[in-house]
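Q: Sequence and predicted model, in that order:
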Amino acid sequence: MEKVITKLYDLGVYHIVDHKKTVEVDIGGPLAHSEKLAEILVKLRAVMSQLGITEYNGQKASPKPLTEKDYYELGKKSKQLYLDVVGILDMIKQTKEDIKRTAEKLTVAELFQKLKIEPWMIQESKLLCTFIGTLPEGKSLQGLEKITPHYELVKVKAKAGQVIALFAKREARDAIQALLQKEGFQELPIDPSLHGNKAENTRKTDTLIQEFQKSIQSLSTKLAQAETRLELLRRQHKEFLVSNEAMLREEAKKAEAPLLFGETKRAFTITGWIPAKDVQKVQKELQSVTNNSIYIEESIPDQHDSVPVKLKNALLVKPYEFFLQLYDLPNYKEIDPTMLMFITFPLFFGFMLGDAGYGIVTLLLFLFLRKKFPTMKALLNIMVFAAVISILFGFAFGEYFGFEHISSENGNALCRTTGICLPMHEIESHGELHRIADFPRLLNRAHGHINLGGMEILAVLVIGAIVGVIHLNLAFLLGFYNVWRTHGFLHAIEEKLSWILLETGIVLTVLSMTNKIAIPPLVGWLILGISIFLIYKGEGVQGLVELPSIFSNILSYMRLGAVGLASVGLAVVVNENLTIPYIQKGGIFAVIGIFSFLFGHIINIGLGILGPFLHSLRLHYVEFFSKFYKGGGIAYSPFGRNQHE
């Protein structure tokens, strides 16, 4: 068993499946040295945690066969190191507590000094009662004279209000205590060791202060020495701890591997998955290491097997696997949609943000964050590419921080100085005509319209719907392929191609009824009827219930234009209603205008990142994936050194 485990570990390609206990074959137990390994690992990790060493998380182990002597030496050294570290830490903890207690005593002694009282004055007495503590600012203990004329009160100012020392006859104790409680008095906790003895007259306040200061200094020196010893241990043993923890961690994987096996008194069995290209190599290696005393059975996966999957994508596409990990991995028979998201997600995001100025700001932001947070590199690589696409769409829409044009005067000046002459035309604003110079663009998304059936509809909304038709039908084609692979060609037609046929029937029916094409309406109705029959046969009543969803899914893609229009609207409000009017007034208003510009566009950029990101994901997860993607894939996680590399 140990030879097989070691060989499988070295090969690093075998994905082990947990054995389910049966009457004939029980679950295996760990190797004999597993308990010793675990004990040493616990000690090493405890020491590393206490010394603040965390590099072991990414440390790669060097393979090294361990003997009983190695385990003994490692166990002995790790135990001694553990005891040394724990001893020093206990000393540090105790010293810090001593410093804290001494500092508290010093604080009280310094208050005694301010109050001009000596320790012997606070001793228990048959005749006197003593109260030392703090009162809120402004409290003066009115009514004390009515309780007793025989008292002495000393006050000094402090950070928390005022500190008082009150001495009075013992028979008035309860009444005075009630008054103090009413006034918000907080008694000062005084350590018993501070109490002096009048007869001995040796515990003077000034002497106490000097003693406590010397004690704190001595304890601080002791603490520094202990911390220095701890740091020395850290430097001396860091390499030993890191390398051996990594090595033993890998050895523990091998020792605990039999917990995944099936086992009888004389044999063991392992079930798992290997990439087809590695099968021959694994068989040859295992036969060699066991002298052919092993039986290997191959089987081709069927549709009921939970086959692990490993996504393989090009370097540029690989970051988009992040979105599948958020959602669900594809199962073994499905198409991996990562490549499609690499194409469509940045396009959707860029189309919605669609401002060159915003695109440049977000690009710089994502580049900075990628450098600052390397653990988020995959997501930020996606957003960097999406920001670049946003810049390109910004040029296509002619939008720069919400500005679509400049004044004719600025346009003429630009033409004279640079030779870049922008087209001029007049627009109406606030009831007045203004001559402006337009930025070059392929499409004006705020004002560009398309005539559909006599209705003027914003072009970006129409484009969104067209994109929806294309995107959804691509999903149906992918679904057709997936179902074909798992359930057969006929079922794929009934379940997926029927929806494309439904759309075709609707389009032909509408066009023929509006005399746009010379085809009888009956043809469209016939195709519609056939498609509905196929949907019912493929998906049952649920398919019929979902018939209207095809229209809502297509309309959902109009958000590609709508989200962008909302961003444009907010940018125009910031520019034309806040920034420009204030700047034109000059003076302090110009500062307000600049602040409005910065604050307004920062808010809009934040919304411009969040909105397109979430809506792009929604169009993929809800509309697109629902037509072809089942998910449920298990990540390929081979047993061995390559598992975490």
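A: Yep, that arrived. Numbering: from 1, shown residues only.
Q: count of residues packed around the nearest residue to residue 311 once chain neighbours are set aside?
A: Excluding the flanking residues, the one nearest residue 311 by CB to CB, 6 or more residues apart in numbering is residue 321, at 5.2 Å. Every residue, glycine included, has its C-beta placed from N, CA and C. By the criterion of other CB atoms under 10 Å, residue 321 has 18 neighbours.
Q: got the buried residues for the helix or strand hosting residue 321?
A: Assigned by DSSP states H and E, residue 321 belongs to helix 321-327. Within helix 321-327, the residues that qualify as buried are 321, 322, 323, 324, counting by 16 or more other CB atoms under 10 Å.
Q: Would you tell me what the next helix or strand after the lowest-mean-pLDDT helix or strand in the chain is?
A: Within the chain, judged by mean pLDDT, DSSP states H and E, the helix or strand with the poorest mean is strand 424-429; its value is a mean of 69. Using DSSP H and E, the helix or strand that follows strand 424-429 in sequence is strand 432-438.
Q: in the stretch 501-645 of the chain, what spans have low per-residue confidence?
A: Within the stretch 501-645 of the chain, the segments meeting pLDDT under 70 span 641-645.
Q: Now the element after the longest helix anywhere in the chain, going C-ward?
A: Identified as the longest helix of the chain according to DSSP state H is helix 205-256. Following helix 205-256 in sequence order, the next helix or strand is strand 262-263 (DSSP H and E).
Q: Can you list the helices and strands that that next one packs against?
A: Strand 262-263 sits against strand 26-27, strand 268-269, with contacts defined as 3 or more CB pairs under 8 Å, 6 or more residues apart in numbering; DSSP states H and E.
Q: Quick check: can you name the pairing partners of that strand and their directions?
A: strand 26-27 (antiparallel), strand 268-269 (antiparallel) (DSSP bridges).
Q: could you dump those strands to a markdown table with distance to residue 241, mean neighbour count and mean pLDDT?
A: Shown next, in a markdown table, are those (distance: least, CB to CB, whole Å; neighbours: other CB atoms under 10 Å; pLDDT from 0 to 100):
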| stretch | distance to residue 241 | mean neighbour count | mean pLDDT |
| --- | --- | --- | --- |
| strand 26-27 | 33 | 14 | 92 |
| strand 268-269 | 34 | 14 | 94 |
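Q: quick revisit: so what does the longest helix of the chain touch, helix or strand wise?
A: The criterion is 3+ CB pairs under 8 Å, 6+ apart, and the helices and strands that helix 205-256 contacts are helix 2-11, helix 34-51, helix 68-115.
Q: now those helices as CSV including distance to residue 298 and mean neighbour count?
A: Output for the helices and strands packed on helix 205-256, formatted as CSV (distance: least, CB to CB, whole Å; neighbours: other CB atoms under 10 Å):
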stretch, distance to residue 298, mean neighbour count
helix 2-11, 16, 17
helix 34-51, 30, 18
helix 68-115, 37, 16
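Q: Distance to residue 507 for those helices - can I get that in a markdown table?
A: Output for those, formatted as a markdown table (distance: least, CB to CB, whole Å):
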| stretch | distance to residue 507 |
| --- | --- |
| helix 2-11 | 56 |
| helix 34-51 | 66 |
| helix 68-115 | 75 |
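Q: Residue 20 is nearest to which of the ones you listed?
A: Comparison of those against residue 20 by CB to CB identifies helix 2-11 as nearest, at 20.0 Å.
Q: measure residue 506 to residue 500 for me?
A: 11 Å (CB to CB, to the nearest Å).
Q: quick one: contacts for the residue nearest to residue 311?
A: Residue 321 is in contact with 311, 313, 338, 378, counting by CB atoms under 8 Å, 6 or more residues apart in numbering.
Q: Touching, the third one and residue 316? I think so.
A: What it means is residue 338. No - taking contacts as CB atoms under 8 Å, residue 338 lies outside contact range of residue 316: 10.8 Å.
Q: Compare those two and say which is more crowded by neighbours.
A: Neighbours per residue (other CB under 10 Å) separate residue 338 from residue 316, with residue 338 holding more: 20 against 11.
Q: For the more buried one, what are phi and psi?
A: Dihedral angles of residue 338 (phi, psi; degrees, to the nearest 10) stand at phi -60, psi -40.
Q: and what of the one 10 residues further on?
A: Backbone geometry at residue 348, expressed as degrees, to the nearest 10, gives phi -60, psi -50.
Q: check contacts around it.
A: 560, 612, 615, 616, 619.
Q: measure the most centrally placed residue in the chain to residue 341 for me?
A: By CA atoms, centre = their mean, the chain has its centre lying nearest to residue 376, at 8.1 Å. Here residue 376 is placed at a distance of 18 Å from residue 341 (CB to CB).
Q: end-to-end on stretch 448-456?
A: Distance between the two ends of stretch 448-456: 9 Å, counting by CA to CA, to the nearest Å.
Q: wait, I meant stretch 269-288
A: So stretch 269-288: terminal residues 18 Å apart, CA to CA.
Q: what residues does it touch?
A: Stretch 269-288 has contacts (CB under 8 Å, 6+ apart) with 4, 7-8, 11, 13-17, 19, 25, 260-263, 294, 296, 298, 301, 307-308, 636, 639.
Q: cool, and stretch 21-28?
A: Applying CB under 8 Å, 6+ apart, the external contacts of stretch 21-28 come out as 19, 258, 259, 260, 261, 262, 263, 264, 268, 269.
Q: still on that earlier bit, closest one to residue 254 among the helices and strands packed on helix 205-256?
A: Minimum separation from residue 254 across these (CB to CB) falls at helix 2-11, 5.1 Å.
Q: ok, then the element right after that closest one?
A: The helix or strand immediately downstream of helix 2-11 is strand 15-17, counting by DSSP H and E.
Q: Partner strands of that next one, with direction?
A: By DSSP bridges, strand 15-17 pairs with strand 271-273 (antiparallel).
Q: and the angle for whatever helix or strand comes next after the partner strand with helix 2-11?
A: Using DSSP H and E, the next helix or strand after strand 271-273 towards the C-terminus is helix 279-289. Relative orientation of helix 279-289 versus helix 2-11 (axes from the mean of the first three to the mean of the last three CA atoms, to 10 degrees): 150 degrees.
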